[in-house]
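In: Mind looking at a prediction? Sequence and model below.
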Amino acid sequence: MDMPVMIVHVEESVKAWDLGSSFGDMSRMLSTLREVWDRQTVADLEQGNIAVPDAVLNQYLQQAIGDSSKVKEFTLTSLDGNKFKVHLRTDSVGTVEMTCQIKQFEHDKDHSVMKLYIEDKTLPDRPLMSFIFSHMSMAMVTKLAGPIDVGSDLALDFRGNMVTVDFHQALSRSKLAGIEIMGYRPLDELVVKGATTRAGVVEFETNLALPKNVVDTLMNVL
């Protein structure tokens, strides 16, 4: 046996096994995980249904439009009947209010899309323009007034009064996207099949495709 070579290999292994760095990374990961999820959240996701209050959604939306030069406020108010109100405040036209119905909500590791049908819309700050605005499709409005800029992480596409919101980029930059447990990224294994609303809450139909031992580990560290 060539002892000097073996000793060099051991020394290299010890240098590579930097406990301070490894535990520091683990500590940061756990801290981030606890910011975005708790034990009840994991349990609800695994069971297939999670209810998210408007306050949580609106906090996320405000973060998502942080770099928008045109939209200063973007809030949702959930209503019964799979609908919600949208409140926008823009530099160009002031306040915009709309009532929308969720037609589709899907998320997996490859795409994250919500489709909404806009049932009515008003410009409370501009009564005369509001009448015209309410009788035009959103696609026509964006052609005349320019696209609605809600930040680089949210993409909007208008077809008539149907709007498609692509939020995959926003999720890919979220805190949860950087978390990996036992070789699995929880965000990649989370599937959302649909969403419904009731007053003040959006309920998501979910599937968390993580092995039981990974879920148990998550529950133990939260």
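Out: That came through, no problem.
In: CA only for contacts and neighbour counts going forward, please
Out: Fine.
In: And the residue nearest the centre of the protein?
Out: residue 171 (4.9 Å; CA atoms, centre = their mean).
In: Assign a three-state SS to it, would you?
Out: helix (DSSP: H, G, I helix; E, B strand; the rest coil).
In: For it, give me its contacts.
Out: residue 177 (CA atoms under 8 Å, 6 or more residues apart in numbering).
In: Just the pLDDT for it.
Out: Here, the pLDDT recorded for residue 171 equals 84.
In: Kindly report the same for residue 166.
Out: 90.
In: What is the neighbour count of it?
Out: 19 (other CA atoms under 10 Å).
In: Show me the beta-bridge partners of it.
Out: Beta-bridge partners recorded for residue 166 (DSSP bridges): residue 113, residue 155.
In: is it true that it touches residue 114?
Out: Yes. Counting by CA atoms under 8 Å, residue 114 is a contact partner of residue 166 at 6.6 Å.
In: Need the residues touching each of those two.
Out: What both residue 166 and residue 114 touch, as defined by CA under 8 Å, 6+ apart, is an empty set.
In: So what touches stretch 48-58?
Out: Residues contacting stretch 48-58 (CA under 8 Å, 6+ apart): 41, 44, 74-78, 200-208.
In: how about low-confidence regions in this protein?
Out: 1-26, 64-70, 145, 147-152 (pLDDT under 70).
In: Mind jotting down where the helices sit in it?
Out: According to DSSP state H, the chain carries its helices in the segments 3-16, 19-36, 39-47, 54-64, 127-134, 138-145, 168-172, 186-189, 212-221.
In: buried stuff in the longest strand along the chain?
Out: If you go by DSSP state E, the chain has its longest strand at strand 94-107. Neighbour-count burial for strand 94-107, counted by 16 or more other CA atoms under 10 Å, picks out 95-103, 105-107.
In: Any idea how far it is from the middle of the chain?
Out: 15 Å (CA atoms, centre = their mean, to the nearest Å).
In: what's it packed up against?
Out: strand 83-90, strand 112-122, strand 190-198 (3 or more CA pairs under 8 Å, 6 or more residues apart in numbering; DSSP states H and E).
In: any chance of those strands in JSON lines, plus distance to residue 48 and mean neighbour count?
Out: Listed next are the helices and strands packed on strand 94-107 as JSON lines, based on distance: least, CA to CA, whole Å; neighbours: other CA atoms under 10 Å:
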{"stretch": "strand 83-90", "distance to residue 48": "21", "mean neighbour count": "19"}
{"stretch": "strand 112-122", "distance to residue 48": "18", "mean neighbour count": "18"}
{"stretch": "strand 190-198", "distance to residue 48": "9", "mean neighbour count": "19"}
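In: what's the closest of those to residue 177?
Out: strand 190-198 (11.0 Å; CA to CA).
In: Give me the angle between the closest one and strand 83-90.
Out: 100 degrees (axes from the mean of the first three to the mean of the last three CA atoms, to 10 degrees).
In: what does strand 190-198 rub up against?
Out: By CA under 8 Å, 6+ apart, the list of residues contacting strand 190-198 reads 78-84, 102, 104-109, 202-209.
In: And stretch 84-97, by the same measure?
Out: Under CA under 8 Å, 6+ apart, the answer for stretch 84-97 is 70-79, 98-101, 121-126, 197.
In: now do the same end-to-end measure for that stretch.
Out: 11 Å (CA to CA, to the nearest Å).
In: Excluding residues flanking it in the chain, which one is nearest residue 199?
Out: Of all residues not flanking residue 199 in the chain, residue 79 sits nearest, at 4.3 Å (CA to CA, 6 or more residues apart in numbering).
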